[in-house]
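Trainee: Could you work out the structure for the sequence below:
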Amino acid sequence: MSQLFLDTSVLLNYVQVWLEGDKGSVAIIEGDHEKFICTTVNEELDERCSTRRQIYIDLRKFVEQENQSEVHPIFNYEVLDFENRNPSVSVTDNDREHLRDLQMGFASIDDEDKFYELRKFIRSVKSRKRTVDTEVTIYTGSHKSDLVDEINSRIENYQDSLVLAQGAAWHNEGSGDTVVTLDSGDMVDKESDVNDAIELHYTSGHQLNIVPPNAV
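Mentor: The predicted structure follows:
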């Protein structure tokens with residue numbers, strides 16, 4: 001059985017499949033693979049899902065308070081009035097982009113179905129997050145902090161560098177060598193740079209195979 005080390009982007013795609021299209025299932029619920037994530041990915045996924053779940057709840061309350069006989073801006077492409085209503089969690093740039101994707105997704109749904117579909121989407125996100133939690137094993141081993149800095153000097157993304165350093169530690173302990181991600185810019189396209197950094201702290205035999213889900 002092959003072993004995969006999954007990045008947050010793959011897990012979020014699976015959880016939010018309704019918006020993004022299914023790019024992550026092949027790595028999460030299909031095929032004969034053992035799925036691993038590091039503590040950094042686990043914490044990031046929990047934080048992103050928890051924050052967005054509360055945003056959805058705030059958003060639903062906000063929308064349902066409006067006159068339902070009119071199309072509220074949440075279902076158009078305008079800047080969200082919602083952001084000015086003091087949601088109970090901070091809305092980051094990534095969350096803002098996600099909410100705009102949600103707007104676009106709802107634009108083609110009949111007005112009378114929008115509220116039902118929003119509630120269904122919220123339930124789907126919770127269900128798919130539970131599936132992720134049952135499918136993955138969390139790798140809790142220690143990584144080389146110097147390697148994080150070495151990778152970051154080449155890809156200039158500290159969070160991704162941390163995940164990749166933990167992936168290298170996972171591989172060093174006798175697990176697989178495949179990291180699965182939807183991040184082409186900082187991970188897939190810079191595989192050679194990442195592996196050059198890894199060789200400085202391990203050996204050439206510890207290189208990672210960094211691929212998108214469709215290459216699994």
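Trainee: ok, residues contacting the strand or helix carrying Thr131?
Mentor: Per DSSP states H and E, Thr131 falls inside helix 111-135. Contacting residues not belonging to helix 111-135 are listed as 11, 14-18, 28-29, 35, 45, 49, 52-53, 56-57, 59-60, 63-64, 68, 71, 75, 102, 106, 109 [CB atoms under 8 Å, 6 or more residues apart in numbering]. Using the backbone N, CA and C atoms, a C-beta is placed for each residue, glycine as well.
Trainee: Now intersect those residues with the strands, please.
Mentor: Members of these lying in strands (criterion: DSSP state E): Lys35.
Trainee: Pull out the buried positions in the helix ranked longest in the chain.
Mentor: Across the chain, the longest stretch assigned as helix under DSSP state H is helix 39-65. Of all the residues in helix 39-65, those buried under the rule 16 or more other CB atoms under 10 Å are 39-42, 44-45, 48-49, 51-52, 55-56, 58-60, 62-63.
Trainee: what's the angle from that helix to helix 111-135?
Mentor: Following axes from the mean of the first three to the mean of the last three CA atoms, to 10 degrees, one obtains 160 degrees for the angle between helix 39-65 and helix 111-135.
Trainee: Ramachandran angles for Leu4?
Mentor: Leu4 adopts backbone torsions of phi -120, psi 140, taken as degrees, to the nearest 10.
Trainee: can you check Val179 too?
Mentor: Dihedral angles of Val179 (phi, psi; degrees, to the nearest 10) stand at phi -100, psi 130.
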